[in-house]
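> Dropping a prediction and its sequence here:
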Amino acid sequence: MNKRIFFLLTALLVVTLASACAPVSPATTAPAATTAPPAATTAPPEPTAATSAGATNLQLLGWSASDVENETLKQVIADFNTAHPQYNASFEASPNYDQSLQTALAGGAPPDVFYVDSLKFPDLIKNDVLAVPPDGIQNPDDFYPSLRAAFTANGTFYCPPKDFSTLALIYNKSMFEKAGVEVPTTWDELKAAAEKLTDASAGTYGLSLSADAARWLAFLYQAGGVVVGPDGKMNIDTPEAKAALDYYTGLLVDGSAVTPDKVDSGWNGEAFGKAKVAMVVEGNWIVPYLKNDFPDVDFGIAELPAGPAGKATMAFTVCYGVPKNAAHPEASWTLVNSLTDEAGMKKWTDLGLAMPTRKSLREGWVKEFPELTVFLDGADYSHPWQFAPGFTVVTDAINKGIQEIAAGQATSESVLKTVQSAGQDVLGQ
């Protein structure tokens, strides 16, 4: 087996095992921009495309999402086949994506195009798996800079982001009105609102917070902290990080916030839909979920409250990657470019489940989905969900640390030292 492929498979296996053992539900880990809980009620279109005799077969491999997302992408692929009769592209939505990709790579027959999560992009670059676009990415300056940067390495923009999601504050309008609470815009206001909205005797709480690095890191950046410093060294054991960790876990310790399992829920969205909590920190994937499963809940969307250093949120994004040893590289890039040019991206993001990564589509998308503007605005002050290869052990240490602090088994000082040490090991410091 090729040595690079061996190392890649090992890295992906570690990520897969770590995810399987994670204490939070899949809906709260936010591994990808379009990952969502149950499907929306929108009726998916039926793919209709004629296959030309002798056409080159192309496989797009991705993970399984909601039915409406999967079927919509299949229709976009069908439209591609109609416009390019020399190709017969298909989308395979794998429920075990990492394993499927490992098997394909190990067998020497990788998919022609595949999903690349921003968190795993550095691992793929390290192992030299991704092809360099022979003619560059089409109209690269049209992508939001932070999203373009997520898939750029050594000055090369490897793969265009297909969509993205950010975090915002989702709040129950009825519960806010009943308690006489205004939408919080600062940490102090968020804490005060959570306390006022909590009635433990009635089993309702101000906020549902996951023990999840993908959520806590937004607070870290709001406090002015970083994970890795400008010098490339681990730098999370700082006063700013302590302030963020104390604040986040303090809400859990004082009882104004709970983890979703404490209110018999699998993830934050379910806890919110059941009106067990008045607020959650979630991405735009929660909107179709609530409209489908909890249509009577009157909710609003606001920016995450600003911290001591200002506003910050997280951005989760996925690109379409082409393997370096693609069987039909020209055809693969034709498919990628078709999916991510303005017309192709508009077809995909017009569903409203994910947001366009091209700035030129912003105005039309906001007009179509004005209630989701807050999420799109987050692109201007977001931080990518992305770190160095092998960083899963660090995010796992953060998740575990939040749980331990909330349970009174650790302090923020001890957790940050553990996380700092784990990061230094990964970075080889």
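Ah, there it is. Keep in mind it's a predicted model, so treat the numbers as computed, not measured.
> For the longest strand along the chain, list the C-alpha coordinates in PDB.
As assigned by DSSP state E, the longest strand anywhere in the chain is strand 161-172. Taking Å, rounded to 0.1, in the frame of the first residue of the first chain, the C-alpha atoms of strand 161-172 are listed here in PDB:
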ATOM      1  CA  PRO A 161     -16.300  25.300  -0.700                       C
ATOM      2  CA  LYS A 162     -19.800  24.100  -1.600                       C
ATOM      3  CA  ASP A 163     -21.600  25.800   1.200                       C
ATOM      4  CA  PHE A 164     -21.200  26.800   4.800                       C
ATOM      5  CA  SER A 165     -22.900  27.300   8.200                       C
ATOM      6  CA  THR A 166     -22.200  29.500  11.200                       C
ATOM      7  CA  LEU A 167     -23.400  29.600  14.800                       C
ATOM      8  CA  ALA A 168     -26.000  32.000  16.100                       C
ATOM      9  CA  LEU A 169     -28.200  32.400  19.200                       C
ATOM     10  CA  ILE A 170     -31.600  30.800  18.700                       C
ATOM     11  CA  TYR A 171     -34.200  32.000  21.200                       C
ATOM     12  CA  ASN A 172     -37.800  31.200  22.100                       C
END
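> which helices and strands does it pack with?
If contacts are counted by 3 or more Cβ pairs under 8 Å, 6 or more residues apart in numbering; DSSP states H and E, strand 161-172 sits against helix 145-150, strand 277-283, strand 299-302, strand 313-321, helix 329-340, helix 342-349, helix 373-377. For glycine as for every other residue, the C-beta is placed from the backbone atoms N, C-alpha and C.
> Kindly reformat these as a markdown table containing distance to residue 139, mean pLDDT and mean neighbour count.
Listed next are the helices and strands packed on strand 161-172 as a markdown table, based on distance: least, Cβ to Cβ, whole Å; pLDDT from 0 to 100; neighbours: other Cβ atoms under 10 Å:
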| stretch | distance to residue 139 | mean pLDDT | mean neighbour count |
| --- | --- | --- | --- |
| helix 145-150 | 11 | 90 | 20 |
| strand 277-283 | 26 | 97 | 29 |
| strand 299-302 | 30 | 98 | 17 |
| strand 313-321 | 15 | 96 | 28 |
| helix 329-340 | 9 | 97 | 20 |
| helix 342-349 | 8 | 92 | 19 |
| helix 373-377 | 19 | 94 | 19 |
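> Just put those in JSON lines and tack on distance to residue 136.
Below are the helices and strands packed on strand 161-172 laid out as JSON lines (distance: least, Cβ to Cβ, whole Å):
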{"stretch": "helix 145-150", "distance to residue 136": "12"}
{"stretch": "strand 277-283", "distance to residue 136": "30"}
{"stretch": "strand 299-302", "distance to residue 136": "36"}
{"stretch": "strand 313-321", "distance to residue 136": "14"}
{"stretch": "helix 329-340", "distance to residue 136": "10"}
{"stretch": "helix 342-349", "distance to residue 136": "17"}
{"stretch": "helix 373-377", "distance to residue 136": "26"}
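> what about the ones you listed, which gets the closest to residue 420?
Nearest to residue 420 among the helices and strands packed on strand 161-172 is strand 313-321 (20.5 Å), distances taken as Cβ to Cβ.
> so what secondary structure elements neighbour that closest one?
strand 113-117, helix 145-150, strand 161-172, helix 213-222, helix 329-340, strand 382-384.
> ok now the second one, how far from the chain's centre?
Between the centre of helix 145-150 and the centre of its chain there are 14 Å (Cα atoms, centre = their mean, to the nearest Å).
> neighbouring contacts of that helix?
Here helix 145-150 makes contact (Cβ atoms under 8 Å, 6 or more residues apart in numbering) with 118, 121, 140, 157, 161, 164, 315, 317, 319, 357, 379, 382-384, 386.
> from these, which two are the most distant?
Most distant of these, by Cβ to Cβ, are 140 and 383, 20.6 Å apart.
> Those two - which one has more neighbours?
residue 383 (19 against 12; other Cβ atoms under 10 Å).
> nearest spatial neighbour of that one, skipping sequence neighbours?
Nearest residue to residue 383 in three dimensions, chain neighbours excluded: residue 221, at 5.2 Å (Cβ to Cβ, 6 or more residues apart in numbering).
> How many neighbouring residues does the one you found have?
Counted by other Cβ under 10 Å, the residues lying close to residue 221 total 23.
> what's next to stretch 243-251, contact-wise?
187, 191, 194, 206-207, 209, 216, 219-220, 222-223, 225, 257, 307-308, 401-402, 405-406, 412, 415-416.
> So how do I select the buried members of those residues in PyMOL?
With 16 or more other Cβ atoms under 10 Å as the criterion, this PyMOL line picks the buried residues out of the contacts of stretch 243-251:
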select buried, resi 187+191+194+206+207+209+216+219+220+222+223+225+257+307+401+402+405+406+412+415+416
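> okay, the angle between the longest strand of the chain and strand 277-283?
On the basis of axes from the mean of the first three to the mean of the last three Cα atoms, to 10 degrees, strand 161-172 is oriented at 170 degrees to strand 277-283.
> Now the element after strand 161-172, going C-ward?
helix 173-179 (DSSP states H and E).
> Give me the helices and strands touching that following helix, please.
By 3+ Cβ pairs under 8 Å, 6+ apart, helix 173-179 packs against strand 277-283, strand 299-302.
> Go through those strands and name the closest to residue 370.
strand 299-302 (10.6 Å).
> pull the CA atoms of that closest one into PDB?
Extracted C-alpha coordinates of strand 299-302, given in PDB (Å, rounded to 0.1, in the frame of the first residue of the first chain):
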ATOM      1  CA  PHE A 299     -38.300  31.300  17.500                       C
ATOM      2  CA  GLY A 300     -35.900  34.100  16.700                       C
ATOM      3  CA  ILE A 301     -32.300  34.200  15.500                       C
ATOM      4  CA  ALA A 302     -29.700  36.700  16.800                       C
END
